[in-house]
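K.L.:
Turn this into a model:
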Amino acid sequence: MSETESKEVVALLCGCMKADREAQRKLYRLFYGYAMSVCLRYSKDAEEARDVLNDGFLKVLTRLAQYDPKKPFKGWVRRIMINTALDNYRHNLKHYHLMDLEAAEPEADTYDVLQQINYEYLISLVQALTPGYRAVFNLYAIDGHTHEEIAKLLGISVGTSKSNLAKARANLRAALTKTRRDEHKQHV
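P.N.:
Next up, the predicted model:
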């Protein structure tokens, strides 16, 4: 973040601490894109991501007194968005229908199609994962948590975390392979 952006954020935070609605609106707009990109990775679709984002921003605005100005504000927002998404996952867990374990068997594939896929498509593949697989995949592969940390965050065992990651990867690999086959059929 540049010095100008940093000064702008500090000014907005001061306004937000005083319950200035205009400062709150500007802070929301400034971090909307970043926060939405985090929320999308943990949500099944854009609508759920917006709900998580709004809940997360409410937490940001109501807990500003807990923010440590010595640390980056963006990182603090990111942590709140991830925790809000995980809260949403835990809250809705009873509503999600998990895949049959047999359907999640990993397939071996050596072809790497990741270089040909755009960001939006990859996000849609991650969003198509079951909530448990999606949460573990994001926490491990994207956010860099260990299986022990994931187990603690989600209230699952370390073995379940490892299993869900393997199955998430297998499902993503299968979806990418299917995409590759479909593209090949179009050109034949």
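K.L.:
what's near enough to touch the residue nearest to residue 85 when sequence neighbours are not counted?
P.N.:
In space, residue 85 comes closest to residue 42 once its chain neighbours are excluded; the distance is 3.5 Å by CB to CB, 6 or more residues apart in numbering. (Glycine included, C-beta is placed from N, CA and C.) Contact analysis of residue 42 by CB atoms under 8 Å, 6 or more residues apart in numbering lists 49, 52, 82, 85-86, 88-89, 134-135, 138.
K.L.:
Secondary structure element for residue 80, which one?
P.N.:
Residue 80 belongs to helix 73-92 when assigned by DSSP states H and E.
K.L.:
And the biggest helix by length in the chain, what's buried?
P.N.:
Among the segments of the chain that qualify as a helix by DSSP state H, the longest is helix 158-187. In terms of neighbour count (16 or more other CB atoms under 10 Å), helix 158-187 has its buried residues at 160-161, 163-165, 167-176.
K.L.:
So which elements touch it?
P.N.:
helix 119-128, helix 131-137, helix 147-154 (3 or more CB pairs under 8 Å, 6 or more residues apart in numbering; DSSP states H and E).
K.L.:
Buried deepest among those, which one?
P.N.:
Sort the helices and strands packed on helix 158-187 by mean neighbour count, taking mean count of other CB atoms under 10 Å, and helix 131-137 sits at the top with a mean of 24.
K.L.:
if we can go back for a sec, quick check: which helices or strands does the helix holding residue 80 pack against?
P.N.:
Under the contact definition 3+ CB pairs under 8 Å, 6+ apart, helix 73-92 sits against helix 21-42, helix 46-62, helix 131-137, helix 147-154.
K.L.:
Output those in TSV; the columns should cover distance to residue 7 and mean pLDDT.
P.N.:
Shown next, in TSV, are these (distance: least, CB to CB, whole Å; pLDDT from 0 to 100):
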stretch	distance to residue 7	mean pLDDT
helix 21-42	13	94
helix 46-62	19	95
helix 131-137	36	92
helix 147-154	34	92
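K.L.:
picking up where we left off before, can you check which of the helices and strands packed on helix 158-187 gets nearest to residue 26?
P.N.:
For the helices and strands packed on helix 158-187, proximity to residue 26 was assessed by CB to CB; helix 119-128 is nearest, at 26.6 Å.
K.L.:
between the closest one and helix 158-187, what angle do the directions make?
P.N.:
Angle, helix 119-128 to helix 158-187, by axes from the mean of the first three to the mean of the last three CA atoms, to 10 degrees: 130 degrees.
K.L.:
How about residue 52, nearest residue that isn't a chain neighbour?
P.N.:
Closest residue to residue 52 apart from its sequence neighbours, by CB to CB, 6+ apart: residue 39 at 4.5 Å.
K.L.:
What distance do you get for the one you found to residue 46?
P.N.:
For residue 39, the distance to residue 46 equals 9 Å [CB to CB, to the nearest Å].
K.L.:
Kind regards, and thank you for your time.
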